[in-house]
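Enquirer: Just to be clear, the model below is a prediction. Sequence and coordinates:
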Amino acid sequence: EEGVPTTLEYLEQNMKEGENLAFDGRTVATRLGQQMEEMAEKKNGKVFYQVDYVDTIWTDRPARKCEKVFALDEKICGKTVAEKLDMVREVMTKKNCQNLVLSKLDDIMWLFNIRGGDVACNPVALSYAVVTKDNSYLFLQSKAVTEEIKAWLDNQPVVLCDYDKIMEFLQEQVWDGNVLMDKENISYAVYKLVKEQLEKAEEAEEAEKKSEIVFGDNPTELLKSMKNETELQMMREVYLKDSLVVCRFMKW
């Protein structure tokens, strides 16, 4: 709307000297979070991002969506989870990063050949993922994991973890090497937690060499956009079925 300020412009105009700013860091992208932090510092204030203040007063808040997760056959995806992880690690190596933190849901679904129903009109499951040079970790809501999908994941090069344990995992993780993150697609809370862990490790000299956060595009984003032959064939079949339904609808 013309004449309506952006969030940052509004805060810049209305925050008084010495005032602090609170927001739920899990729902704010890193880029915006950093901008708000810089703005608060200019006002000689601080940001408080660890608490969801709305949740403390929303007593009848609906439960978080949690639909069952299911796997896609390799005949549909064209590549296995292991092959996709190799592709991602190849890009990570080129960027001199040994770790990758993901929270972009469609990227995570593509990487692990799974789908869900937690977001309306999108076949995605609420999730996080961490890829290191040796391991990969997938965080899903425990109620979304059936025995079937658990058995399937047990045969994949991935460690299944509880969605609600992501912050605890990041807090305990000893990062061996640089950590790749996408500013637009990782939350400010996750960024700050990883940043604090890297700083603590540097102070304690736990790591053999200094590790740092490297900002860049998620490797998964470009990789999933380049369709393999199997995906292309599946798309052709889908469009044929779609065209048939449209013709039937037009006739009706």
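Expert: Ah, there it is.

Enquirer: Tell me where the stretch 51-200 of the chain has strands.
Expert: Applying DSSP state E, counting those that start in this stretch to the stretch 51-200 of the chain gives strands spanning 70-71, 99-102, 114-115, 127-132, 136-140, 159-162, 179-181.

Enquirer: What's the mean pLDDT across the fifth one?
Expert: Okay, so that is strand 136-140. Taken as a whole, strand 136-140 carries a mean pLDDT of 98.

Enquirer: just the third one next, same as before
Expert: Taken as a whole, strand 114-115 has an average pLDDT of 98.

Enquirer: what packs against the helix or strand hosting Cys247?
Expert: Secondary structure assigned from DSSP states H and E places Cys247 in helix 229-251. Helix 229-251 sits against helix 74-77, with contacts defined as 3 or more CB pairs under 8 Å, 6 or more residues apart in numbering; DSSP states H and E. For glycine as for every other residue, the C-beta is placed from the backbone atoms N, C-alpha and C.

Enquirer: re earlier: now the strands of the stretch 51-200 of the chain as CSV including distance to Gly216?
Expert: Output for those, formatted as CSV (distance: least, CB to CB, whole Å):
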stretch, distance to Gly216
strand 70-71, 29
strand 99-102, 10
strand 114-115, 25
strand 127-132, 14
strand 136-140, 19
strand 159-162, 24
strand 179-181, 6
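
Enquirer: Pipe those strands into TSV and attach mean neighbour count per row.
Expert: Shown next, in TSV, are the strands of the stretch 51-200 of the chain (neighbours: other CB atoms under 10 Å):
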stretch	mean neighbour count
strand 70-71	17
strand 99-102	26
strand 114-115	22
strand 127-132	23
strand 136-140	22
strand 159-162	16
strand 179-181	25
